[in-house]
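> predicted model follows, preceded by the sequence.
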Amino acid sequence: MSDTSRTSDTRTPAQIEADIKRRRETLAETLDEIGVRVHPKTIVGDAKAKVASQIDHTLGRAYVGVNRVVGDAKGQFVTEDGAPRLERIVPLALVAVGLVGLMVAGSRRRKR
């Protein structure tokens, strides 16, 4: 006979009943937890939370990326102390005015 069987033989009926009661309570708690986990509302809520987390993560990465691009573009036209870089702004403005002028001229030709 093993030591555990000798120990179990020496327990009183009250100890055995208390052990059974404890195990039933533990089993009931476990079954309640399983019931909550497999409940459709819990599953849907978990899925929603996962999707929201992924969207938040994606939007956060997009924000950081856009912020970096805007910062880089701003760095091309503004010095570190905030002064405009006219040597870069003026040529770009002239190109933009020229493109708008070509578009206006093209639309006028089409109307004739």
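Perfect, thanks for sending it. Residues are numbered from 1 along each chain as shown.
> and the gap between Leu31 and Leu59?
According to CB to CB, to the nearest Å, Leu31 and Leu59 sit 40 Å apart. C-beta coordinates here come from the backbone N, C-alpha and C atoms, glycine included.
> I meant Val44, not that one.
Per CB to CB, Val44 is found 22 Å from Leu59.
> could you list the low-confidence segments of this protein?
Along the chain, segments meeting pLDDT under 70 span 1-9, 112.
> in it, which spans are helices?
3-9, 13-38, 40-77, 86-111 (DSSP state H).
> can you redo those as TSV with mean neighbour count?
Below are the helices of the chain laid out as TSV (neighbours: other CB atoms under 10 Å):
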stretch	mean neighbour count
helix 3-9	9
helix 13-38	10
helix 40-77	10
helix 86-111	10
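> can you list the domains in this structure?
Using automatic domain parsing, the domain parsing of the chain gives 1-38, 40-77, 83-112.
> run the chain-centre distance for the first one.
Put simply, domain 1-38 sits 42 Å off its chain's centre (CA atoms, centre = their mean, to the nearest Å).
> likewise for the second one?
The gap between the average C-alpha position of domain 40-77 and the chain average comes to 6 Å, counting by CA atoms, centre = their mean.
> the shortest one too?
Centroid displacement of domain 83-112 relative to its chain, using CA atoms, centre = their mean, is 42 Å.
> what sits up against stretch 21-37?
Contact with stretch 21-37 is made by Thr42, as judged by CB atoms under 8 Å, 6 or more residues apart in numbering.
> stretch 38-57 now?
Val36.
> got the CA positions of that stretch in CSV?
Output in CSV follows, covering the C-alpha atoms of stretch 38-57 (Å, rounded to 0.1, in the frame of the first residue of the first chain):
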residue,chain,number,x,y,z
VAL,A,38,-18.1,30.4,-24.2
HIS,A,39,-21.2,32.7,-23.9
PRO,A,40,-21.9,34.3,-27.3
LYS,A,41,-21.8,37.8,-25.8
THR,A,42,-18.4,37.2,-24.3
ILE,A,43,-17.1,35.8,-27.6
VAL,A,44,-18.5,38.8,-29.5
GLY,A,45,-17.1,41.3,-27.0
ASP,A,46,-13.7,39.7,-27.2
ALA,A,47,-13.8,39.8,-31.0
LYS,A,48,-14.8,43.5,-30.9
ALA,A,49,-12.1,44.4,-28.5
LYS,A,50,-9.5,42.6,-30.6
VAL,A,51,-10.6,44.4,-33.8
ALA,A,52,-10.7,47.7,-32.0
SER,A,53,-7.2,47.1,-30.7
GLN,A,54,-5.9,46.3,-34.1
ILE,A,55,-7.5,49.4,-35.6
ASP,A,56,-6.1,51.5,-32.9
HIS,A,57,-2.6,50.0,-33.5
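> that concludes my questions; thank you for your assistance.
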